[in-house]
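J.: no sequence for this one, just the structure:
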């Protein structure tokens, strides 16, 4: 710590009534006898050029800091907002912020770890895989974050399929239908959750709702917080017109991820089924706002417009859904079938 | 307590010493107080000083003494601010970011007024004509300066520098998020 101010009484007055510096008799007010010229000179005591240059450099650095700070701040705020959103279980918001942050900091361990977590909760397994590839060989200092990542990977294992399932599928006769191969596999691997989940999905897509429900109930008993299982079980209960159960499971899913788009859209469809059309429309709109690219959410909005007798809005939404994938095309078709009365929603 | 000779600390953190003395000098200039000698940096004790006239106003005395506290704190904080994010929060720092942190901490840790500064205030307020309000402000200031001076033995100045340049920005950023 520098010693700063030393009092000025080391300067001896040249004479009682004379300037201590030049000896002039014309003194100005002040504790040291100085004439106005000398006082002014001492007030403006010269700063050496080297110090001026150093000060200029420091000033430049301050300006640089002030100029670069907003960009840095915006970047870190994205990560902080994502973390807060994760705390609030708002995984879509978290993921949006994380993706913006990662576009500027592509190898950021913490952000990629959180992206892995949010992708899982948003049922975006490709994104989850990409994040995993970035972090798989990294060393963690944050043990808590590492534990969260490991738990998420463990939970997601059910969606990716077990090793034994993969091994079996590699050697199984590919000419046999998938369902048959799965049945064979399950006969010897009764506790393989990933195989069961796959079978439940096949049952659901083939409209074998009772079989699907049975498997989903079993899976739910083992993994009550798996969003994949919850999503499937909500669909199954809804298709079986078990709306109260489906609604409870929607709430359960939304307690895990408040912004789970697929389940929010399903909830909107359940609301139509129980004749709460206005409520359904409100929820369907909010869901599309969360993820405007989600074809299922958009198709749900079109259906909600239809049941709220708003055909122009319905057609506009239907036309806006991109049918660039088989899945999207299927969602559009189902929505059209419901609108045309071919398929019953209630 | 880990002991490092003062001159070595001053040598490593010399930008802070220079800013400290410039701050004294600038406050003298703003208050139109004549300055008779300035040493911006040296490897002796004190490592820098400003000899100036005792101002007629007690508030001016206080302000000249605590000027570096304001200036060093502000400049140290501003310099380190953008570097805190890549170094401590996003883990993608470059060499320049580390330079900014070093510079910011060096400057901020020399924010504390010295015992000399405290003595200057004390001398000024001891005079009979010192208004009560000035004494009420000045005595706690002097007390804090002495405490800071004692605390520097326990690295309080370095802790303060880190607090201003690392903890404070991190805290403010977390508030904004």
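T.: Great, that's in hand. No experiment lies behind these values; they were computed from the predicted model shown.
J.: hey, let's count contacts and neighbours off CA atoms from now on
T.: Will do.
J.: just checking, residue B:72 touches residue B:110?
T.: Yes: using Cα atoms under 8 Å, residue B:72 is in contact with residue B:110, at 6.7 Å.
J.: what is in contact with those two at once?
T.: Shared contacts of residue B:72 and residue B:110 (Cα atoms under 8 Å, 6 or more residues apart in numbering or on different chains): B:16, B:20.
J.: And the closest residue to residue A:157 other than its chain neighbours, how far from residue A:228?
T.: Spatial nearest neighbour of residue A:157, excluding adjacent residues (Cα to Cα, 6 or more residues apart in numbering or on different chains): residue A:194 at 7.4 Å. Taking Cα to Cα, to the nearest Å as the measure, residue A:194 falls 11 Å from residue A:228.
J.: between these two, what contacts are shared?
T.: Counting by Cα under 8 Å, 6+ apart, the residues touching both residue A:194 and residue A:228 are residue A:159.
J.: Pick out the residue nearest the middle of chain B.
T.: Among the residues of chain B, the one closest to the centroid is residue B:111, at 1.2 Å (Cα atoms, centre = their mean).
J.: can you tell me how far the spatially closest residue to that one that is not a sequence neighbour sits from chain A?
T.: Excluding the flanking residues, the one nearest residue B:111 by Cα to Cα, 6+ apart is residue B:69, at 4.2 Å. Using Cα to the nearest Cα, to the nearest Å, we find residue B:69 at a distance of 11 Å from chain A.
J.: Please look at residue B:69 and residue B:113 and confirm they touch.
T.: Yes: at 6.3 Å, residue B:69 counts as touching residue B:113 under the criterion of Cα under 8 Å.
J.: related to what we said a few turns ago, got the contact list for the residue nearest to the centre of chain B?
T.: With Cα under 8 Å, 6+ apart, residue B:111 has these contacts: B:16, B:20, B:68, B:69, B:70, B:71, B:72, B:73, B:157.
J.: Also residue B:106?
T.: Residue B:106 neighbours (Cα under 8 Å, 6+ apart): B:13, B:14, B:15, B:16, B:76, B:161.
J.: Quick check: the gap between residue A:116 and residue A:49.
T.: For residue A:116, the distance to residue A:49 - Cα to Cα - is 55 Å.
J.: and those two? which has more neighbours close in?
T.: Higher neighbour count among residue A:116 and residue A:49: residue A:116, with 28 against 9, using other Cα atoms under 10 Å in any protein chain shown.
J.: Just give the nearest non-adjacent residue to that one, would you?
T.: In space, residue A:116 is closest to residue A:128, 4.6 Å off (Cα to Cα, 6+ apart).
J.: buried set for stretch A:331-344?
T.: A:331, A:332, A:334, A:335, A:336, A:338, A:339 (16 or more other Cα atoms under 10 Å in any protein chain shown).
J.: Could you let me know which of these ends up closest to chain B?
T.: residue A:331 (37.7 Å; Cα to the nearest Cα).
J.: The closest one and residue A:338, how far apart?
T.: Taken as Cα to Cα, the span from residue A:331 to residue A:338 is 11 Å.
J.: So for the two, which residues contact both of them?
T.: Common neighbours of residue A:331 and residue A:338 (Cα under 8 Å, 6+ apart) do not exist.
J.: can you tell me which helix in the chain is longest?
T.: If you meant another chain, say so; for now it's chain A. helix A:49-87 (DSSP state H).
J.: not quite, I wanted chain B
T.: helix B:58-84.
J.: Which residue ranges make up each domain of chain A?
T.: Here the domain assignment for chain A is A:8-43, A:49-160, based on automatic domain parsing.
J.: Could you list the buried residues of the shortest one?
T.: Within domain A:8-43, the residues that count as buried by 16+ other Cα under 10 Å are A:8, A:13, A:18-21, A:23-24, A:27, A:32-35, A:37-40, A:42-43.
J.: what number of residues lie near residue 172?
T.: No chain specified, so I'll use chain A. Neighbours of residue A:172 (other Cα under 10 Å): 15.
J.: you looked at the wrong chain, it should be chain B
T.: 10.
J.: what's the answer for the one 4 residues further on, then?
T.: As a burial measure, the neighbour count of residue B:176 was computed by other Cα under 10 Å and equals 11.
J.: Once you drop chain neighbours, what's closest to it?
T.: Using Cα to Cα, 6+ apart and skipping residues adjacent in sequence, the residue nearest residue B:176 is residue A:77, 7.4 Å away.
J.: Distance of residue A:129 relative to residue A:294?
T.: 20 Å.
J.: who touches residue 93 in this structure?
T.: Using chain A. A:82, A:85, A:290 are the contacts of residue A:93 under Cα under 8 Å, 6+ apart.
J.: Let me rephrase: I mean chain B.
T.: B:83, B:86, B:87 are the contacts of residue B:93 under Cα under 8 Å, 6+ apart.
J.: Next up, the contacts around residue 145.
T.: Just so you know, I chose chain A. Residues counted as contacts of residue A:145 (Cα under 8 Å, 6+ apart) are A:110, A:113.
J.: nope, chain B
T.: Shown in contact with residue B:145 (Cα under 8 Å, 6+ apart): B:112, B:113, B:114, B:115, B:118.
J.: element containing it, please.
T.: helix B:132-151 (DSSP states H and E).
J.: now do residue B:102
T.: Going by DSSP H and E, residue B:102 is in helix B:95-109.
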